[in-house]
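> give the three-dimensional model of this entry:
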Amino acid sequence: MKTWSALSRTRRLSVTLCFHGIGDAPKDCDPAERPYWVPEAQLAEVLECVYAREERHQVSIHLDFDDGHTSDHERVLPLLKKASLS
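Residues are numbered from 1 along each chain as shown. Predicted coordinates:
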């Protein structure tokens, strides 16, 4: 049976970051959802950190954008491309 230290040398750690919406919440957004919208500049900072840590620490970081808001495509895709993550 392999020990944790042996497993950590042979397998990559996998982390998933979940996002609800990017940018300003739409005017018709449920008030309970507003705190879960992330400003575009803050997401850009997260993506820079993700890229650096994936390379440096050999960790797989997955991004999840639930609900399929238009901001996912309009705002996130250009940021992913800029961070070399698309």
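
> doesn't Val15 fall inside a strand?
Yes. The assignment for Val15 by DSSP: H, G, I helix; E, B strand; the rest coil puts it in a strand.

> in the sheet, who's paired with it?
Here Val15 sits in beta bridges with Ile61, going by DSSP bridges.

> quick one: contacts for it?
Val15 sits next to 59-62 when contact means CB atoms under 8 Å, 6 or more residues apart in numbering. For glycine as for every other residue, the C-beta is placed from the backbone atoms N, C-alpha and C.

> quick one: which of these is nearest Thr16?
His62 (4.4 Å; CB to CB).

> ok, that closest one touching Leu17?
Yes. The criterion here is CB atoms under 8 Å, and His62 meets it with Leu17 at 7.2 Å.

> comparing those two, which shows the higher neighbour count?
Neighbours per residue, other CB atoms under 10 Å: of His62 and Leu17, the larger number sits with Leu17, 13 against 10.

> quick one, grab the pLDDT at that one.
On the pLDDT scale, Leu17 is placed at 87.

> that one and Lys27, how far apart?
26 Å (CB to CB, to the nearest Å).

> show me what contacts the residue lying closest to Leu13 once chain neighbours are set aside?
In this structure, Leu13 finds its nearest non-sequential neighbour in Val59, 4.5 Å apart by CB to CB, 6 or more residues apart in numbering. Listed by CB under 8 Å, 6+ apart, the contact set of Val59 reads 12-15, 53.
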